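Engineer: here is my input, please return the structure:
(one chain, ligands or ions: 1)
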Amino acid sequence: MRSVSAAETAPTQYAWPVEAEDLKVRAGRTMAVDGLDLRLSTGVHGLLGPNGAGKTTLIRALATVLPPAGGQLQLLGRGTAKGSDLREIRRELGYLPQHFGFYPRFTVREFIEYMAWLKEMPDRQVTAAGQRAIDRVALSSHADKKLKALSGGMLRRVGIAQAIVHDPRLVLLDEPTVGLDPAQRVGFRDLLREIGGDTCVLVSTHLVEDVSAACSNVIVMASGRQVWQGTPAQLSALGGPDDPGDSPTERGYSAALGQAGGWG
Ligand SMILES: Nc1ncnc2c1ncn2[C@@H]1O[C@H](COP(=O)(O)OP(=O)(O)OP(=O)(O)O)[C@@H](O)[C@H]1O
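Structural biologist: A predicted model of the protein is given here:
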């Protein structure tokens, strides 16, 4: 369980940690998110969609890296329109980008503590928070190794640790399971379920099994919009024997995309 400050026990002023209405976000010249309506509560939300659906662009907008080009986006009860002060949102946000940058000469511990410090965590809490994040991604035995000496899967776990070190209220993970071996993926799904107990987590993935194992809610995106939303069980029930896929969830995912007009 994350540590809870007194301020956090006060009633929240918003119904949804993430609330988007007719959201549009540009990626270069493409309107990659194009009229998306989305409401996310506490829990683990899996984001599925074919290549180019707009998943990364949506996550970048929720991470306040890309500004909305239209529509409304409220994060943790705060507006994100041009000119808004985004600092409060960013302090409460944990983000693992698809390609995350790091300092190769830092040790795991130095990097995680540095990220906690960047999130303005009080100095006296940084060491313990860093250790806890390292433990949660099972990297304790590598804590004093330099990042440049780690495998791809270990680096991904460092990326997850830096996203959760400051106990954010909103966690955004873009393809976190890429490079993880099967045992690491199982550990990661357990961690996701634990974090989602009191936090809003959005995870984009190409692995449909991640969604059935760890998510309480699934969002399917295609062509910049949400085309389906429901529980993993509802997604599985959507698929029929003729839908492509190796599992009920994959067949349900294919059916959701088929209803939306295919993989394109
Ligand atoms: N910097 C950019 N300049 C121009 N077009 C872009 C840029 N980044 C993304 N796009 C386009 O925006 C659309 C959405 O891309 P995005 O990366 O958000 O999709 P995605 O669902 O994350 O895809 P993938 O599953 O392949 O990672 C695609 O058509 C992509 O080609």
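Engineer: counting neighbours, what do you get for residue 50?
Structural biologist: By other Cβ atoms under 10 Å, 17 other residues sit near residue 50. Glycine gets a C-beta too; all of them are placed from N, C-alpha and C.
Engineer: one more: residue 115?
Structural biologist: Residues within reach of residue 115, counting by other Cβ under 10 Å, total 24.
Engineer: cool, and residue 199?
Structural biologist: When neighbours are counted by other Cβ under 10 Å, residue 199 registers 21.
Engineer: residue 183 too?
Structural biologist: 10.
Engineer: near the ligand, which residues of this structure show up?
Structural biologist: The chain comes close to the ligand at residues 27-30, 32, 49, 51-57, as judged by Cβ under 6 Å from any ligand atom.
Engineer: now with 8 Å?
Structural biologist: Residues of the chain lying close to the ligand (Cβ under 8 Å from any ligand atom) are 27-30, 32-33, 49-60, 98, 174-175, 204, 206, 221, 224.
Engineer: what's near enough to touch the residue lying closest to residue 75 once chain neighbours are set aside?
Structural biologist: Nearest residue to residue 75, sequence neighbours excluded (Cβ to Cβ, 6 or more residues apart in numbering): residue 89, at 4.9 Å. Neighbouring residues of residue 89 by Cβ atoms under 8 Å, 6 or more residues apart in numbering: 64, 75-76, 78, 80.
Engineer: of the residues you listed, which belong to strands?
Structural biologist: Members of the contacts of residue 89 lying in strands (criterion: DSSP state E): 75, 78.
Engineer: specify which member of the contacts of residue 89 is nearest to the ligand.
Structural biologist: residue 64 (15.8 Å; Cβ to the nearest ligand atom).
Engineer: quick one, phi psi at that closest one?
Structural biologist: phi 60, psi 20 (degrees, to the nearest 10).
Engineer: coming back round to it: list only those of the residues of the chain next to the ligand flagged as buried.
Structural biologist: 27, 32-33, 49-50, 52-60, 174-175, 204, 221, 224 (16 or more other Cβ atoms under 10 Å).
Engineer: next step: those restricted to strands.
Structural biologist: Short answer: these in strands (DSSP E) are 27, 32-33, 174, 204, 221.
Engineer: for the strand or helix carrying the residue nearest to residue 75, the averaged confidence score.
Structural biologist: Element membership for residue 89 (DSSP states H and E) is helix 87-91. Throughout helix 87-91, pLDDT has a mean value of 92.
Engineer: what lines up beside the helix or strand following that helix in the sheet?
Structural biologist: Using DSSP H and E, the next helix or strand after helix 87-91 towards the C-terminus is strand 93-96. Each strand that pairs with strand 93-96, with its direction, by DSSP bridges: strand 170-174 (parallel).
Engineer: can you list the buried residues in the strand it pairs with?
Structural biologist: 170-174.
Engineer: next SSE after that strand?
Structural biologist: With secondary structure assigned by DSSP H and E, strand 170-174 is succeeded by helix 182-195.
Engineer: tell me the helices and strands packed up against that following helix.
Structural biologist: Helix 182-195 sits against strand 43-48, helix 152-164, strand 200-204, helix 208-214, with contacts defined as 3 or more Cβ pairs under 8 Å, 6 or more residues apart in numbering; DSSP states H and E.
Engineer: and the angle from that helix to strand 170-174?
Structural biologist: Angle between the axes of helix 182-195 and strand 170-174 is 160 degrees (criterion: axes from the mean of the first three to the mean of the last three Cα atoms, to 10 degrees).
Engineer: where does the stretch 1-150 of the chain dip in pLDDT?
Structural biologist: Scanning the stretch 1-150 of the chain for pLDDT under 70 picks out 1-12.
Engineer: repeat that with 50
Structural biologist: Within the stretch 1-150 of the chain, the segments meeting pLDDT under 50 span 6-7.
Engineer: can you name the residue of it nearest the ligand?
Structural biologist: Closest point on the stretch 1-150 of the chain to the ligand, by Cβ to the nearest ligand atom, is residue 28, at 2.1 Å.
Engineer: how far away is that residue from residue 60?
Structural biologist: Shown here: residue 28 relative to residue 60, a distance of 12 Å by Cβ to Cβ, to the nearest Å.
Engineer: before we move on, the earlier item: turn the contacts of residue 89 into JSON lines, including neighbour count.
Structural biologist: Shown next, in JSON lines, are the contacts of residue 89 (neighbours: other Cβ atoms under 10 Å):
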{"residue": "64", "neighbour count": "19"}
{"residue": "75", "neighbour count": "28"}
{"residue": "76", "neighbour count": "20"}
{"residue": "78", "neighbour count": "16"}
{"residue": "80", "neighbour count": "18"}
